[in-house]
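Visitor: let's see this in three dimensions:
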Amino acid sequence: MSPNNKNTKILATLGPAIADKEALRQLVNAGANIFRLNFSHGSHQDHEQRYRWVREIEEETGRPIGILMDLQGPKIRVGTFRDSQIELTKGNKFVLDNDFEQGDVNRVQLPHPEVIEALEPGMELLLDDGKIRLRVDACDCDSVETTVVVGGPLSDRKGVNIPDAILTSGVLTEKDRDDLEFGLNLGVDWVALSFVQRPQDVEFAKELINGRASIMAKIEKPSAVEMIEDIVVTADGIMIARGDLGVEIPAEQVPSTQKRIIQECRKQGRPVVVATQMLESMRDAPTPTRAEVTDVANAVFEGADAVMLSAETASGRYPIEAVEMMSKIIRQVEADPRFRAGLDATHAKPEPTSADAISCAIRRISTILHIPVTINFTGTGSSSLRASRERPQAPILSLTRNLATARKLTVVWGINSVHDPDFDGKGDFVRQALDAAKRERVAAVGDTVVITAGMPFGQQGSTNLLRIETIPA
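Guide: Residues are numbered from 1 along each chain as shown. The predicted model follows:
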């Protein structure tokens, strides 16, 4: 059973703050379900060591643990300045160009010709996380003339956000391609794709990955929000990356955008992760702010599959405490009667398929009979995903002979993955289900449980069986 008996999962980022396997084990015990390797930082050697620690703990505990690699994506930055920093004044003109010369108060290099090519008069450039705002007045193939709308200090290699433009250069840099091949060879379960703009970006990455991992599209561009329905259909999962998203859209729009994306993911049965600055103050403090607690709680109330910790666990001073706090918040929300009422009120209409009919029946049965657990046999994970989409009251014990499937499902709401090569349909699957429920301590003798499966076993989309059984002595 997953740590702390919670339905909403915790995705924790690994970094220098987790210096050894024992510290990582404490994160698991505190409630972390899946781990993120952030390829914007650290070496391949660092990531491989952390990957090995996770797999060793997984083997020791017998509990599947997911691993997500997060690709850096195309980071757009200005060049350098003669004096390292300048001061931009509102109303002044400022040029970004292809010139390699160091910059001054009049101009600076923008070493991204594909960006210059995509800009048009009237567009805005946001520099240094939106602290500086420039309006594009004119542009050609070599330079962009702008007016400073919001000024301030600007130093070397600060980031640039372009909310109004869609870049044609794609979302994978050469570094990303190298990192991707490295991560896939390690055996990561999920690949987080940064700065997705359109469904074609996901399709391109899928061709490269070729089924070796699932794709989680990071939503941090306004264009991605506009095409969210199609992106959710194309991707295997969604991450609401509120860092860059909060720079590129007005801050007051972030909460409603988050809610809209969560609802779309729940409708389509895709796992969705809410990320960035959830318990940010716990990088340096042992307790979070009340606003941060409310932020995490709101994501749980909205039905997110998982909530993510970034720097809090990667480089913060209190990584274990951050996971423990997030677990406490999740459990507190999930025990609130309004949580269940909210899930039911936002429940998505089932599709006219046997799998959805059975999943919908599970939800009703778990309410009527107060069963402690639903037991689902799955090969690819699709039936467990559909069951999770229903957000049943009883947790889902997902039994699979496919270890990759078990790991992939660790990010999904309400699912507790169990891997066993014997879950192949050749034996008494009812007995296997009941034994697994007792072994995982999710049901006791005399409890009534629901078992779902597909006949024949191992065939995707074949879920066609539902049984109500009692745990024997």
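
Visitor: what about the longest helix in the protein?
Guide: Once the chain is assigned using DSSP state H, the helix that runs over the most residues is helix 44-61.

Visitor: for the record, mean pLDDT for that one?
Guide: Mean per-residue pLDDT for helix 44-61: 97.

Visitor: for it, name the packing helices and strands.
Guide: Helix 44-61 sits against helix 21-30, strand 34-38, strand 66-70, helix 174-186, with contacts defined as 3 or more CB pairs under 8 Å, 6 or more residues apart in numbering; DSSP states H and E. C-betas here are computed from N, CA, C, even on glycine.

Visitor: any idea of the angle the second one forms with helix 21-30?
Guide: Calculated by axes from the mean of the first three to the mean of the last three CA atoms, to 10 degrees, strand 34-38 forms an angle of 130 degrees with helix 21-30.

Visitor: what's strand 34-38 in contact with?
Guide: Applying CB atoms under 8 Å, 6 or more residues apart in numbering, the external contacts of strand 34-38 come out as 9-15, 24, 27, 47, 50-51, 54, 65-70, 183, 188-190, 192, 306, 308, 310, 314, 410-411.

Visitor: where do the strands sit along the stretch 151-300 of the chain?
Guide: For the stretch 151-300 of the chain, the strands defined by DSSP state E, counting those that start in this stretch cover 152-155, 160-161, 190-193, 214-219, 237-241, 272-275.

Visitor: just the angle between the fifth one and strand 214-219, please?
Guide: Same thing as strand 237-241. Put simply, strand 237-241 runs at 30 degrees to strand 214-219, going by the same axes, to 10 degrees.

Visitor: CA atoms only for strand 237-241 - export them in CSV, please.
Guide: Extracted in CSV, the C-alpha atoms of strand 237-241 (Å, rounded to 0.1, in the frame of the first residue of the first chain):
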residue,chain,number,x,y,z
GLY,A,237,-0.2,12.8,-18.7
ILE,A,238,0.0,16.6,-18.0
MET,A,239,2.0,18.7,-15.6
ILE,A,240,0.7,22.2,-14.8
ALA,A,241,4.1,24.0,-14.6
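
Visitor: one step back: so which of the strands of the stretch 151-300 of the chain is nearest Pro392?
Guide: Nearest to Pro392, of all the strands of the stretch 151-300 of the chain, is strand 272-275, at 17.7 Å by CB to CB.

Visitor: hey, C-alpha coordinates of that closest one in PDB?
Guide: Output of strand 272-275 as PDB, limited to C-alpha atoms (Å, rounded to 0.1, in the frame of the first residue of the first chain):
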ATOM      1  CA  VAL A 272      -2.400  15.500 -14.000                       C
ATOM      2  CA  VAL A 273       0.300  16.900 -11.700                       C
ATOM      3  CA  VAL A 274       0.200  20.400 -10.200                       C
ATOM      4  CA  ALA A 275       3.800  21.700  -9.900                       C
END
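
Visitor: so what does it touch, helix or strand wise?
Guide: Applying 3+ CB pairs under 8 Å, 6+ apart, one finds that strand 272-275 contacts strand 237-241, helix 242-248, helix 254-268, strand 306-309.

Visitor: again, only using 6 Å
Guide: Secondary-structure packing of strand 272-275 (3 or more CB pairs under 6 Å, 6 or more residues apart in numbering; DSSP states H and E): strand 237-241, strand 306-309.

Visitor: what's the shortest one in contact with?
Guide: Yep, that's strand 306-309 we're talking about. Lys9, Leu11, Ala12, Val273, Val274, Ala275, Met278, Val296, Ala299, Ala322, Val411 (CB atoms under 6 Å, 6 or more residues apart in numbering).

Visitor: in helices, which of those appear?
Guide: Val296, Ala299, Ala322.

Visitor: CSV for those residues, including distance to Val105, pLDDT and neighbour count?
Guide: Output for the ones in helices among the contacts of strand 306-309, formatted as CSV (distance: CB to CB, whole Å; pLDDT from 0 to 100; neighbours: other CB atoms under 10 Å):
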residue, distance to Val105, pLDDT, neighbour count
Val296, 43, 98, 25
Ala299, 43, 98, 27
Ala322, 42, 98, 31
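
Visitor: ok so, going back, the contacts of strand 306-309: which two are farthest apart?
Guide: Of all pairs drawn from those, the one with the longest distance (CB to CB) is Ala322 and Val411, at 18.1 Å.

Visitor: and the contacts of stretch 158-171?
Guide: Under CB under 6 Å, 6+ apart, the answer for stretch 158-171 is 73, 76-78, 114, 118, 123, 125-128, 193, 195, 197, 201, 222-223, 247-248.
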